[in-house]
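J.: Could you work out the structure for the sequence below:
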Amino acid sequence: MLAKNIYDVVVIGSGPGGVAAAIAAKQAGADDVLVIERDVEPGGILVQCIHNGFGLTSLKEDLPGPGYAQYYLDQAKALGVEFLLDTMVLDVTSQRKLYLSSQEHGYVDLEARALVMAMGCRERTRAQIRIPGMRPNGVFTAGTAQRWVNVEGWMPGKKFVILGSGDIGMIMARRLTFEGAKVERVLEIQSYLSGLTRNYVQCLQDYDIPLQLNYTIKRIMGKNRVEAIEAVQVDQRWNFVPGTEEIIPCDTLLLSVGLIPENELSRKAGVILDPVTGGPFVDETFQTNVPGVFAAGNVVHVYDLVDWVTEAGFGAGKGAAKFALAQKAAEQRYTPVKAGRNVRYVVPHKLDKQTLEQEEVHLQMRVTKPIEEDVWIEVHGENNSIVRRSERYVRPGEMVTVVLRPAHYAEVCKAGTLTIDIYPKSEA
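T.: Numbers count the residues shown, from 1 in each chain. All right, here's what the predicted structure looks like:
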């Protein structure tokens, strides 16, 4: 089991937004900050982004993705941020309770005073854009291919067509060319680029990879493996233009047709999503409609630059820490009151220490069984006795009252929990 079951701030996701949120939360005063990551190593998508171009805005450096991730991971670890890796978050409630499945710890539940959603986004697949044709092997998202080539060391094919001019697709066109593959064409249904102009210049133009705007795929050809695709021009309403069809032989089709914020857990927590962005509605601190639940980075909306994701993460982490510290202060104001030996219940169930500082507080209780001899009625903390008085007897039908006075304030403050025991003097 984990050492703690409640944290000031819990962050789901260790990508650039999540790590930045954890750093900011620590810097803003949160004591216990935990980052949960489903992968076996932290860093999120940056682990597979081995190209440079990261950190130009935030760090004034030109870093590859893993280098950018490591810069902030080092900061987080130096600040004492905890990481729980290889762990799936199964469920989240609006009260910020999390249920986890961990290879190391098994099934775990824990609480967060503030929660930051930083799950990032996922790619649209063939099923979501409904490309007609056969269903052969060789149709992948660009991010999947990027993982295989850059991390696993696998080449998914030799001759490629890429549908969509998103940044990952254009970057993979260059990466595959480096590895000796042939990228026949990049097709884009829009009349403009989906990704950054710099990636078009550096990844397509510099390597003479053709880009066709207002083009899409009419059908995929091939039974067991992709053999070709049929490209076609579209008009302003995305209708096929007759006579523009072209068969392009290839063995692999990569899809770079947009990203969707990963918000299944957000929905479980009761977070309201914007139908346009697919991410949560947030305020200026990145807090959602659920108090204490914040969102950071691409889970809110898809950013152009990782530097901006980091900046958003800092904002969410700062807001989460502020909320968590307010929650902790409210918790510390109250001391739980617990029924101990031979006590059935106690009212009130918690004690406002600020009230006790100014006036008396009466604790009322009933015993579980009669004791027809001299008894001690004792209120104590974990390591200190606060009040002890005697009675000649106690019976379930007769209320027992203990008075705490302002003079007891200092001793009450030392106690995490007040426990009331009633027992015979002969057992003292």
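
J.: looking only at pLDDT, what's the mean for the lengthiest helix in the chain?
T.: Assignment by DSSP state H gives helix 306-333 as the longest helix of the chain. Per-residue pLDDT values over helix 306-333 give a mean of 95.

J.: Which strands or helices does that helix pack on?
T.: In this structure, helix 306-333 makes packing contacts with strand 6-12, helix 16-27, helix 65-78, strand 106-117, strand 293-295, judged by 3 or more CB pairs under 8 Å, 6 or more residues apart in numbering; DSSP states H and E. All C-beta atoms are positioned from the backbone trio N, CA, C, and that covers glycine.

J.: can you do 7 Å?
T.: Helix 306-333 makes packing contacts with strand 6-12, helix 16-27, strand 106-117, strand 293-295 when contacts are defined by 3 or more CB pairs under 7 Å, 6 or more residues apart in numbering; DSSP states H and E.

J.: So which bits of the first one are buried?
T.: The reference is to strand 6-12. Neighbour-count burial for strand 6-12, counted by 16 or more other CB atoms under 10 Å, picks out Y7, D8, V9, V10, V11, I12.

J.: what two of these have the greatest distance between them?
T.: Using CB to CB, those reach their maximum pairwise distance at D8 and I12, which is 14.9 Å.

J.: Quick check: next helix or strand after the lowest-mean-pLDDT helix or strand in the chain?
T.: When the helices and strands of the chain are compared on mean pLDDT, DSSP states H and E, helix 126-129 comes out lowest with a mean of 89. Toward the C-terminus, helix 126-129 is succeeded by strand 139-141 as the next helix or strand (DSSP states H and E).

J.: State the distance from E179 to P66.
T.: Look at E179 and P66: by CB to CB, to the nearest Å, they are 18 Å apart.

J.: Settle it for me: which of those two has more neighbours?
T.: P66 (19 against 9; other CB atoms under 10 Å).

J.: show me the contacts for V139.
T.: R126, I220, V226, L253 (CB atoms under 7 Å, 6 or more residues apart in numbering).

J.: Wait, the first one touches L254, no?
T.: No. With contact taken as CB atoms under 7 Å, R126 and L254 are classed as non-touching, separated by 10.7 Å.

J.: More neighbours: which of these two?
T.: Residue environment comparison for R126 versus L254 gives the larger neighbour count to L254, 29 against 18, counting by other CB under 10 Å.

J.: Bridged to that one, which residues?
T.: Beta-bridge partners for L254, by DSSP bridges, are F140, I162.

J.: Distance check, it against K182.
T.: In this view, L254 and K182 are 13 Å apart by CB to CB.

J.: which neighbours do the two share?
T.: Where contact means CB under 7 Å, 6+ apart, the residues bridging L254 and K182 through contact with each are F160.

J.: Return the distance of the least confident helix or strand of the chain from the chain's centre.
T.: Between the centre of helix 126-129 and the centre of its chain there are 26 Å (CA atoms, centre = their mean, to the nearest Å).

J.: List the buried residues of that helix.
T.: R126.

J.: cool, and stretch 409-420?
T.: With burial defined by 16+ other CB under 10 Å, the residues of stretch 409-420 counted as buried are Y409, E411, V412, A415, L418, T419, I420.

J.: could the residues you listed go into JSON lines alongside distance to D109?
T.: Compiled in JSON lines, these are given as follows (distance: CB to CB, whole Å):
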{"residue": "Y409", "distance to D109": "35"}
{"residue": "E411", "distance to D109": "33"}
{"residue": "V412", "distance to D109": "30"}
{"residue": "A415", "distance to D109": "26"}
{"residue": "L418", "distance to D109": "26"}
{"residue": "T419", "distance to D109": "25"}
{"residue": "I420", "distance to D109": "29"}
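
J.: and those residues, which of them are in strands?
T.: Using DSSP state E, L418, T419, I420 are the members of the buried residues of stretch 409-420 that sit in strands.

J.: right, and the second one touches H380 too?
T.: Yes. At 5.9 Å, T419 counts as touching H380 under the criterion of CB under 7 Å.

J.: follow-up on the earlier one: ok, so of the ones in strands among the buried residues of stretch 409-420, who is nearest V361?
T.: The closest of these to V361 turns out to be L418 (CB to CB; 10.2 Å).

J.: Verify the stated contact: A312 with G15.
T.: No. Contact criterion CB under 7 Å: A312 and G15 do not qualify, at 11.4 Å.

J.: Who has more neighbours out of these two?
T.: Higher neighbour count among A312 and G15: G15, with 30 against 25, using other CB under 10 Å.

J.: how much space is there between that one and Y334?
T.: For G15 relative to Y334 (CB to CB), the value is 37 Å.

J.: What is the neighbour count of V241?
T.: Around V241 there are 12 residues (other CB under 10 Å).

J.: okay but it is in contact with V234, surely?
T.: Yes. V241 is in contact with V234 according to CB under 7 Å; the separation is 6.5 Å.

J.: residue boundaries of the helices in this structure?
T.: Across the chain, reading from the start of the chain, the helices by DSSP H fall at 16-27, 65-78, 126-129, 142-147, 167-178, 197-199, 264-268, 306-333, 353-358, 409-414.

J.: V108 is nearest to which of those helices?
T.: Nearest of the helices of the chain to V108, taken as CB to CB: helix 264-268 at 15.5 Å.

J.: that older thread, and the contacts of V139, which of them are buried?
T.: Listed as buried from the contacts of V139 are R126, I220, V226, L253; burial here means 16+ other CB under 10 Å.

J.: Dump these into JSON lines; add distance to K369 as well.
T.: What follows is those, written out as JSON lines (distance: CB to CB, whole Å):
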{"residue": "R126", "distance to K369": "70"}
{"residue": "I220", "distance to K369": "78"}
{"residue": "V226", "distance to K369": "79"}
{"residue": "L253", "distance to K369": "77"}
